[in-house]
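Student: Structure, please.
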Amino acid sequence: MKPDLSVLPITGWEVETVSPDELIFVRFIFLSDILQRLDEADIGNSYAMEIEQARELRNALMRAIERIDNEHEHSSRSHCDNISKTRR
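Tutor: Residues are numbered from 1 along each chain as shown. Model prediction:
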């Protein structure tokens, strides 16, 4: 993500399905101001996607999670290696 982008922290979401149309609706609940309380969170627009789009989104989220997990695991191992080296 580019550092100049505005970031709105998500505090929740709503997901609904419409079976006849095979659509999934997603709406995010978020904070739009740094001083905003959780109970004042904004409810965003509803976004519709087809099932295949939802699968692609799921896969993209899973890949992002795996990257973060792998980076965390790598940094934890590096930290442990550094501790071991200093104790010798």
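Student: got a list of what the residue nearest the centre of the chain touches?
Tutor: To find the centre residue of the chain, average its C-alpha atoms and take the closest one (CA atoms, centre = their mean): that gives residue 61, at 6.9 Å. When contacts are counted by CB atoms under 8 Å, 6 or more residues apart in numbering, residue 61 touches no other residue. Backbone N, C-alpha and C define where each C-beta goes, glycine included.
Student: how close does it sit to residue 44?
Tutor: When distances are taken as CB to CB, to the nearest Å, residue 61 and residue 44 turn out to be 18 Å apart.
Student: Please apply the same query to residue 74.
Tutor: Distance of residue 74 to residue 44, computed by CB to CB: 34 Å.
Student: who's more crowded, those two?
Tutor: residue 44 (16 against 10; other CB atoms under 10 Å).
Student: Going along the chain, name the strands of the chain.
Tutor: Listed in chain order, the strands found in the chain under DSSP state E are 10-18, 23-30, 42-50.
Student: so what does the last one touch, helix or strand wise?
Tutor: Pointing back at strand 42-50 there. Helices and strands touching strand 42-50, by 3 or more CB pairs under 8 Å, 6 or more residues apart in numbering; DSSP states H and E, are strand 23-30.
Student: between the strand it packs on and strand 42-50, how many degrees?
Tutor: Between the axes of strand 23-30 and strand 42-50, defined by axes from the mean of the first three to the mean of the last three CA atoms, to 10 degrees, the angle is 160 degrees.
Student: Relative to the whole chain's centre, how far out is strand 23-30?
Tutor: Its chain's average C-alpha position is 13 Å from that of strand 23-30, according to CA atoms, centre = their mean, to the nearest Å.
Student: Now it: buried residues?
Tutor: In terms of neighbour count (16 or more other CB atoms under 10 Å), strand 23-30 has its buried residues at 24, 26, 28, 30.
Student: can you pull up the bridge partners for the third one?
Tutor: So that's residue 28. The bridge-partner assignment for residue 28, based on DSSP bridges, gives residue 13.
Student: Not counting sequence-adjacent ones, nearest residue to residue 12?
Tutor: By the measure of CB to CB, 6 or more residues apart in numbering, the closest residue to residue 12 outside its immediate chain neighbours is residue 29, 4.1 Å from it.
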